[in-house]
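Student: Build me a model from this:
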Amino acid sequence: MFVEIVRFVFTVLGALAGYQTTVYLQRGDRLAFLPHGSSFLAFGLLALLGGLIGFVLGGLIGRLFVRLVERMERFLSKRTAAEVVVGTVGLVIGLAIAALSSLAVVRLPHGEYLLLPLFVIFGYAFTYLAARKSVELLKLVGLDPARADDPAGERPRHVVDTSVIIDGRIVGIVESGFLGGDLVVPSFVLAELQRIADAADPERRVRGRRGLDMVRKLMAVSDDVEVADDDYDDLHDVDSKLVRLGQERGADILTTDFNLGKVAEIKGVRVLNINVLAGAVKTAVLPGEQIEVKVLREGREPGQGVGYLDDGTMVVVEDGRSMVGVVVGAQVTSVLQNPAGKMIFAKVVRA
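Tutor: Predicted coordinates for the structure are as follows:
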């Protein structure tokens, strides 16, 4: 519709320009060569020609403007509010510095030809730097971008990484309602899942396809899942991009990757590790308590047997090697908690 309006306006303007051109030529007796009484025909022809030219130019300019607006919308949709505001301030500062610099540049030989490049370079450079460092710049002046985007603080955001998607437990957690807020699945995480799914190694292919299936299930169980197009050409590994996205959006990172969690915490990004959550909700067992466990296999050390509680906690049973396949009563001697989970050491209670 917009293109048709622009085309109509340019057609009318073109026809008026053709009419005015005829008037100008007639006043200067430049149409004296035409036969008597044909001036009306000249008005019509030039008006028609001007209208046709306006019709063509209007269509081209209208479509060009629509494409420009669409590209601008796509670009801005990938930027946070903090980036847009701080980038605009950076543009103003860059243009102001360029204006001051132009006072000296214009005195150079042919300096007037350097003014346009000067304004373009300074404007772009300051806009780019300000947008890239928007979070840090806002924090310097005491503003929190996360609060600015969500003043009420009612919609926490969680960036989902590749490991937690492949793990799959996130679907059950979201479906149960224990994790509130918006889930952000970055497009570069989806790209990594696709690369894993297309790998030559059959085991990696299975993991990648499982991850893509989990994304579909996640979107099926929750309406608060966003696929974010944010990407960072200056960063190459996915972990660094996740940390940057978490910083810019004021979001947590959902992961099972212990090392990613440490790096994110150093950068000031809160981390929610599903393994830590799983360990926290396991049944609490204290030294001295008696438990029943089925010994499933032999342990690493001589005489040890290994079994599991109902919640999946590994139990190392001293003197349990000879009792593989038997449910035994055991007394807990110690509990070892580490980032990978909980491990219980027990000894067989003799009847």
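
Student: Sort out which residues of the longest strand seen in the chain are buried, please.
Tutor: Secondary structure of the chain read by DSSP state E shows that its longest strand is strand 327-338. Going by neighbour count (16 or more other Cβ atoms under 10 Å), the buried part of strand 327-338 is 328, 330, 332, 335. The C-beta positions use only the backbone N, C-alpha and C, and glycine is treated the same way.

Student: next one: stretch 305-323
Tutor: 305-307, 309, 313-318, 320-321, 323.

Student: okay, the residues you listed in a markdown table with distance to residue 51 and secondary structure next?
Tutor: Shown next, in a markdown table, are these (distance: Cβ to Cβ, whole Å; DSSP: H, G, I helix; E, B strand; the rest coil):
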| residue | distance to residue 51 | secondary structure |
| --- | --- | --- |
| 305 | 94 | strand |
| 306 | 88 | strand |
| 307 | 89 | strand |
| 309 | 85 | coil |
| 313 | 83 | coil |
| 314 | 84 | strand |
| 315 | 89 | strand |
| 316 | 90 | strand |
| 317 | 94 | strand |
| 318 | 97 | strand |
| 320 | 96 | coil |
| 321 | 97 | helix |
| 323 | 98 | helix |
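
Student: can I get these in TSV with pLDDT and distance to residue 247?
Tutor: Formatted as TSV, these follow (pLDDT from 0 to 100; distance: Cβ to Cβ, whole Å):
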residue	pLDDT	distance to residue 247
305	90	48
306	91	42
307	90	44
309	82	39
313	80	35
314	85	37
315	89	41
316	90	41
317	89	46
318	88	48
320	85	49
321	84	51
323	85	53
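
Student: Can you give me the end-to-end span of stretch 323-332?
Tutor: Terminal residues of stretch 323-332 are spaced 17 Å apart (Cα to Cα, to the nearest Å).

Student: How about stretch 299-309?
Tutor: By Cα to Cα, one end of stretch 299-309 lies 16 Å from the other end.

Student: So residue 51 sits against residue 15, correct?
Tutor: Yes. Between residue 51 and residue 15 a contact is recorded at 3.9 Å, counting by Cβ atoms under 8 Å.

Student: Specify which member of the buried residues of strand 327-338 is nearest to residue 260.
Tutor: Closest approach to residue 260 among those (Cβ to Cβ): residue 335, at 26.5 Å.

Student: Is the residue nearest to the closest one when sequence neighbours are not counted in a helix, a strand, or coil?
Tutor: Take residue 335 and drop its neighbours on the chain: the residue closest to it by Cβ to Cβ, 6 or more residues apart in numbering is residue 344, 5.5 Å away. Taking DSSP: H, G, I helix; E, B strand; the rest coil as the rule, one finds residue 344 in the strand state.

Student: quick one: contacts for residue 344?
Tutor: 285, 291, 309, 313, 314, 315, 316, 332, 334, 335, 336 (Cβ atoms under 8 Å, 6 or more residues apart in numbering).

Student: burial of residue 348, as a residue count?
Tutor: 19 (other Cβ atoms under 10 Å).

Student: Distance from the chain centre to the longest helix belonging to the chain, please.
Tutor: In the chain, assigned by DSSP state H, the helix with the most residues is helix 39-77. Relative to its chain's centre, helix 39-77 lies at 37 Å (Cα atoms, centre = their mean, to the nearest Å).

Student: What is the subsequent helix or strand relative to that helix?
Tutor: Toward the C-terminal end, the helix or strand that comes next after helix 39-77 (DSSP states H and E) is helix 81-105.

Student: ok, the residue lying closest to residue 343 once chain neighbours are set aside - contacts?
Tutor: Of all residues not flanking residue 343 in the chain, residue 336 sits nearest, at 4.5 Å (Cβ to Cβ, 6+ apart). With contact taken as Cβ under 8 Å, 6+ apart, residue 336 is in contact with 342, 343, 344, 345.

Student: hang on, the earlier thing: now the angle from the longest helix of the chain to helix 81-105?
Tutor: Inter-element angle recorded for helix 39-77 and helix 81-105: 120 degrees (by axes from the mean of the first three to the mean of the last three Cα atoms, to 10 degrees).

Student: Residue 318 and residue 303: what is the separation?
Tutor: 7 Å (Cβ to Cβ, to the nearest Å).

Student: correction: residue 200
Tutor: 43 Å.

Student: which one of the two has more residues nearby?
Tutor: residue 303 (12 against 6).

Student: Show me which of the buried residues of stretch 305-323 is closest to residue 99.
Tutor: residue 313 (68.1 Å).

Student: from what I can see the closest one touches residue 345, true?
Tutor: No. Using Cβ under 8 Å as the test, residue 313 is too far from residue 345 to be in contact (11.4 Å).
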